[in-house]
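Chemist: This is the structure alone, sequence omitted:
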């Protein structure tokens, strides 16, 4: 049999690495990687502007494998093109401590731009990358000086296209004319449960995307490199619309028995079928993880990448010399910090004025605006209610990259797009906002922001039964606890306007993960900080707000219930001389991070009479009130009525809290 040319050898090397890695791990998804090896080869060796020696240079193209189950395809491409991903890591695919996990993880493997796996997330992350690229290009590019000019490539599967988040994100991309998106839909017509004929043939996916404003092309054979190349060039030439190339492939090609079968989607091929596939490719079936030296030489992108990055460096140097103020601004925003003076600009609110914490948040955002020029975001069609916009910052559209993104009623895509924005160099703390109860719609994206340590802010308003007349469908009684259960997510529920200022400060300063702000619809008293502890105590998660003496009983409250607990504590102390401590606990996660000594100072272990007061479920409060403590809580769904009425009917009055605290004291004694 004649020796195949170097192009075919390279494609076959991707296929054999995919088969061998999955087979050795005895787990994984080999079929898609085998089918799309020609596409990966073409993207990584010709079209993707990248530098394996410096995977994070700012103007690189981004590649997103939304079909994250096929990660071995990307690992093989990264390895072969020269990234710091040695062959030993492919041999340890899906093993403890390897950097080749079962789905791509940002920050773990060189060349992985975002954590994908849950289907549709990568599709939407890529839209976030493109929004960021457009925003920065408009901010920094000058005539004849383009220093931000890169594309986003992504591979999507049938599963990605089925998930609703991709439909939401595609609509946003089309609406905003994101012409730097070049996506590939792997139309292999196979899912785990069988062929797509059982679930996904009533619609034409290409026509759907075209109707959403996308430029759509079709390639009939994934092995036709010329057709793929021409389609990619046409997609790159289309600058007004995002592009989707629908690629017909055959899963597990060229394995003789596994090809076009559902089994090849989610399980190893088996030793016999791996050997048969290698024979079909003209390779030695006895060799494993075998890559000819000439393939490494051919696929290496080190020289090309260095040249691409070097050319950008020359452009940057010329641009910086011509526009020194813009260069200084570039350097500042790429530091990942706000401009100097931002803390001093944060608002302080006078005591006695009733202010909803959502309104306080709006004031904080306007104070932050001049100090955070690349902080962008938006709300799921609720700006008027969440108060989350940069007034005067402009609206992001197909013709102008404003700071305020109109996500529409698309919470899931909003969350995933914000994640993508956060991963783009130069973008500071993007945010997404909606009603707290609708965080359910964006929970997969929130989880990935925590898992991936993304620097984002989730601003959720209407945080309790204080929503009132909208009723139980809009009253998030269980959400605080469910989100507190999520590792690496800080949930902050401030009690008044000044705690809200500190909460935003914490959110801006946090490194290593997202911060969720739970803000009130209803107005809350602005506490007199000359009579109670400073709001800066929020930075430790919980603090002693007020006490009448070494405590007999501790009232622990969050958010809108802190002022209620404070009034009840004062009444209880004045009534019978009981020594009461009132603790504001806006952020469990921050409090848990404090030294044990500080936690014991706030919640002395010998004080067993502890009563939590929060307009949410009691589940979880035993962590802080202990086995002998009690909770004023809402262990049911809410009701439709004025907020004051609901609080009264559900036992959230001063007298109710006083009675519960007195009963607790008696029981503990």
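Modeler: That came through fine. If you're wondering where the values come from, they're calculated on a predicted model, not measured in any experiment.
Chemist: My understanding was that residue 519 contacts residue 457; is that so?
Modeler: No: in this structure residue 519 lies outside contact range of residue 457 using CB atoms under 8 Å: 11.6 Å. C-beta: built from backbone N, CA, C; applies to glycine.
Chemist: Look at those two and report which has more neighbours.
Modeler: residue 519 (29 against 25; other CB atoms under 10 Å).
Chemist: Now for the more buried one: which residues touch it?
Modeler: Residue 519 makes contact with 356, 357, 358, 360, 361, 386, 459, 460, 461, 463, 494, 500 under the criterion CB atoms under 8 Å, 6 or more residues apart in numbering.
Chemist: what's it sitting at in phi/psi?
Modeler: phi -120, psi 150 (degrees, to the nearest 10).
Chemist: quick one, strands of the stretch 451-600 of the chain?
Modeler: Assigned by DSSP state E, counting those that start in this stretch, the strands in the stretch 451-600 of the chain fall at 457-461, 490-492, 515-518, 523-525, 543-547, 553-557, 580-584.
Chemist: got the ones you listed as TSV, with distance to residue 24 and mean pLDDT columns?
Modeler: Shown next, in TSV, are the strands of the stretch 451-600 of the chain (distance: least, CB to CB, whole Å; pLDDT from 0 to 100):
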stretch	distance to residue 24	mean pLDDT
strand 457-461	40	98
strand 490-492	39	99
strand 515-518	40	98
strand 523-525	59	98
strand 543-547	53	98
strand 553-557	52	98
strand 580-584	54	98
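Chemist: Including distance to residue 89, could these go into a markdown table?
Modeler: What follows is these, written out as a markdown table (distance: least, CB to CB, whole Å):
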| stretch | distance to residue 89 |
| --- | --- |
| strand 457-461 | 34 |
| strand 490-492 | 32 |
| strand 515-518 | 33 |
| strand 523-525 | 53 |
| strand 543-547 | 46 |
| strand 553-557 | 48 |
| strand 580-584 | 48 |
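Chemist: which one of those strands lies closest to residue 75?
Modeler: Proximity to residue 75 (CB to CB) singles out strand 457-461 among the strands of the stretch 451-600 of the chain, at 31.2 Å.
Chemist: For that closest one, which helices and strands make contact with it?
Modeler: helix 357-368, helix 383-386, strand 431-435, strand 515-518 (3 or more CB pairs under 8 Å, 6 or more residues apart in numbering; DSSP states H and E).
Chemist: 6 Å instead?
Modeler: strand 431-435, strand 515-518 (3 or more CB pairs under 6 Å, 6 or more residues apart in numbering; DSSP states H and E).
Chemist: Which stretches in the stretch 501-650 of the chain count as helices?
Modeler: 562-576, 588-592, 596-602, 622-625, 643-649 (DSSP state H, counting those that start in this stretch).
Chemist: Residues in contact with the helix or strand hosting residue 274: which ones?
Modeler: Residue 274 is part of helix 271-280, with elements assigned from DSSP states H and E. For helix 271-280, contacts defined as CB atoms under 6 Å, 6 or more residues apart in numbering pick out 19, 23, 254, 255, 256, 257, 258, 285.
Chemist: ok, now with 8 Å
Modeler: Contacts of helix 271-280 (CB under 8 Å, 6+ apart): 15-16, 19-20, 23, 34, 252, 254-258, 268-269, 284-287.
Chemist: Show the buried residues in those residues.
Modeler: For those, a neighbour count by 16 or more other CB atoms under 10 Å gives the buried set as 15, 16, 19, 20, 23, 34, 252, 254, 255, 258, 268, 269.
Chemist: Just name the closest of those to residue 110, please.
Modeler: Ranked by distance to residue 110 (CB to CB), the buried ones among the contacts of helix 271-280 are led by residue 20 at 20.9 Å.
Chemist: mean confidence for the helix or strand that contains that closest one?
Modeler: Using DSSP H and E, residue 20 falls within helix 6-25. Mean pLDDT, computed over helix 6-25, is 98.
Chemist: Show me what whatever helix or strand comes next after it is packed against.
Modeler: Sequence-wise, the next helix or strand downstream of helix 6-25 (DSSP H and E) is helix 30-35. Helices and strands touching helix 30-35, by 3+ CB pairs under 8 Å, 6+ apart, are helix 6-25, helix 71-81, helix 263-266.
Chemist: try it again with 6 Å
Modeler: helix 6-25.
Chemist: what sits up against stretch 296-308?
Modeler: 6, 10, 45, 49, 50, 51, 52, 53, 80, 81, 82.
Chemist: Next: stretch 531-542.
Modeler: Contacts of stretch 531-542 (CB under 6 Å, 6+ apart): 498-499, 502, 543, 545-546, 583, 585-587, 590-591, 594, 602.
Chemist: can you put those residues in a markdown table and add distance to residue 632 and neighbour count?
Modeler: Formatted as a markdown table, the contacts of stretch 531-542 follow (distance: CB to CB, whole Å; neighbours: other CB atoms under 10 Å):
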| residue | distance to residue 632 | neighbour count |
| --- | --- | --- |
| 498 | 24 | 25 |
| 499 | 20 | 30 |
| 502 | 25 | 20 |
| 543 | 20 | 22 |
| 545 | 17 | 28 |
| 546 | 18 | 20 |
| 583 | 14 | 27 |
| 585 | 14 | 26 |
| 586 | 17 | 30 |
| 587 | 20 | 28 |
| 590 | 23 | 20 |
| 591 | 19 | 20 |
| 594 | 25 | 17 |
| 602 | 19 | 21 |
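Chemist: of all the strands of the stretch 451-600 of the chain, which lies closest to residue 221?
Modeler: Across the strands of the stretch 451-600 of the chain, closest to residue 221 is strand 457-461 (CB to CB), at 43.7 Å.
Chemist: first vs last residue of stretch 631-639, how far apart are they?
Modeler: 20 Å (CA to CA, to the nearest Å).
Chemist: Which positions within it qualify as buried?
Modeler: Buried, per 16+ other CB under 10 Å, within stretch 631-639: 631, 632, 633, 634, 638.
Chemist: can you give me how far the helix holding residue 274 is from the chain middle?
Modeler: 40 Å (CA atoms, centre = their mean, to the nearest Å).
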